[in-house]
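*Asks:* Sequence isn't available, so here's the structure alone:
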Ligand code: ARG
């Protein structure tokens, strides 16, 4: 009797060290549902094609139901001696139902089996991620709606630039995550193709029906080439690339939340349940969640690099290197999923502090461009207007006031074209209201954009 299912031609047992080094069951067991789903579809196909008997299929289905129950209840014993999730399940099935269990692997290899499992797993993960992106976006739009007309400083170079509304800023986040969602939808198309039937690398001699298996498993089609089917992992790399971009966006949002929460800004409050304290400094309320999201972004980038590097030197077809795809991929799935879940909740716990936003606007001469535009409308070339306003800002700074606080007579020393009506463009509200084209920050445009965003969410 040999220790391993494959040990027929071996003359000595595997060393303990090698067993530990090569086993993957500790991390690939998370694909057990997908593995069983794939096996059942394969077995049904084998029976349909007359490759195994109907009685064998019945045994396999009965045995697998038992295996599922054991795993769900925690009674299933995972064994390192059985290397990976596939052999653990197959062995238990065989113990339960005998020869039918041994027939399951007909016309199949672990190479096409594992590729199928990963694709099924990733497809489920993408569907979860898409749901979570929507949940985040729904709560984000609620906040944007509440703050559609709340003025805050828009920044370039992190210096006050022009007034925007907080709602408008949040809609920028919406657009970022909208593209993230689209990328995952696109990746899913290339994930959703069936490798089974490729067997080890060259296909199989049995009269299999790959289209049937694909339909059973909800795949849109079958992998065209058996060598490619067992060795392709670029769908996993694409997933990590989409995950990296998503995390990059959440990292940028995190950076803004960290700044805005800082009392020097004081633009937002984040509900206490998403913050933590200090063990030494009693006054502290720290933005740990956004900080961790920012930090975890690096680890997802790392997984993308891991997978790219894992694949770059591999000749066709399957190589054991591929087993190393799982831990980075699974961690990327977990990190993105957890980050989305917590942000979806946290964004509902963010509230604006409009008085601090307005203070910052006042200190930043945020309507200087509006004054330059005003002069340009009156006929001054824009470059001259720019210079005149620059001098006015210098004067206001010396006086320690904002532009609208300079008396009309003083403003007129910078340009005789300035008249009483200048004060309507120097106000924050006037500045906001005048940017009323599509994509602009006027509150009416922000509200229209929210309506469009909600429609997209409802139909996507
Ligand atoms: N655990 C393996 C993996 O993750 C399964 C495929 C093993 N195939 C093989 N020929 N050793 O890739």
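*Replies:* That came in fine, so what should we check first? Computed from a predicted model, the values in this text were never measured in an experiment.

*Asks:* Low-confidence regions, the chain specifically.
*Replies:* The model of the chain has pLDDT under 70 over residues 1-3.

*Asks:* mind running it again at 90?
*Replies:* The model of the chain has pLDDT under 90 over residues 1-14, 276-285, 362-364, 423-425, 460.

*Asks:* how about the residues of it near the ligand?
*Replies:* Within the chain, the positions lying close to the ligand (Cβ under 6 Å from any ligand atom) are 24, 28, 84, 110, 111, 114, 320, 322, 323. The way it works is simple: take the backbone N, C-alpha and C, and place the C-beta from them, glycine included.

*Asks:* any idea how far the residue nearest to residue 265 when sequence neighbours are not counted lies from the ligand?
*Replies:* Of all residues not flanking residue 265 in the chain, residue 259 sits nearest, at 5.5 Å (Cβ to Cβ, 6 or more residues apart in numbering). Plainly put, residue 259 is 43 Å away from the ligand if you go by Cβ to the nearest ligand atom, to the nearest Å.

*Asks:* Tell me which helix or strand residue 259 sits in.
*Replies:* With elements taken from DSSP states H and E, the one containing residue 259 is helix 234-261.

*Asks:* for that helix, packing partners?
*Replies:* Packing partners of helix 234-261 (3 or more Cβ pairs under 8 Å, 6 or more residues apart in numbering; DSSP states H and E): helix 110-146, helix 166-191, strand 268-270, helix 288-312, helix 326-347.

*Asks:* any chance of those in JSON lines, plus mean neighbour count?
*Replies:* Output for those, formatted as JSON lines (neighbours: other Cβ atoms under 10 Å):
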{"stretch": "helix 110-146", "mean neighbour count": "21"}
{"stretch": "helix 166-191", "mean neighbour count": "19"}
{"stretch": "strand 268-270", "mean neighbour count": "19"}
{"stretch": "helix 288-312", "mean neighbour count": "18"}
{"stretch": "helix 326-347", "mean neighbour count": "20"}
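
*Asks:* Identify whichever of the ones you listed lies nearest to residue 437.
*Replies:* helix 166-191 (12.6 Å; Cβ to Cβ).

*Asks:* next structured bit after that closest one?
*Replies:* Downstream of helix 166-191, the next assigned helix or strand under DSSP H and E is strand 193-194.

*Asks:* what's the following helix or strand after that following strand?
*Replies:* Counting by DSSP H and E, what follows strand 193-194 is helix 210-217.

*Asks:* before we move on, the earlier item: run the angle between the helix holding residue 259 and helix 288-312 for me.
*Replies:* Here helix 234-261 runs at an angle of 160 degrees relative to helix 288-312 (axes from the mean of the first three to the mean of the last three Cα atoms, to 10 degrees).

*Asks:* And helix 234-261, what's buried?
*Replies:* 235-251, 253-254, 256-261 (16 or more other Cβ atoms under 10 Å).

*Asks:* ok, the residue of the stretch 351-460 of the chain found nearest the ligand - contacts?
*Replies:* Nearest residue of the stretch 351-460 of the chain to the ligand, counting by Cβ to the nearest ligand atom: residue 460, 33.9 Å away. Counting by Cβ atoms under 8 Å, 6 or more residues apart in numbering, residue 460 makes contact with 134, 181.
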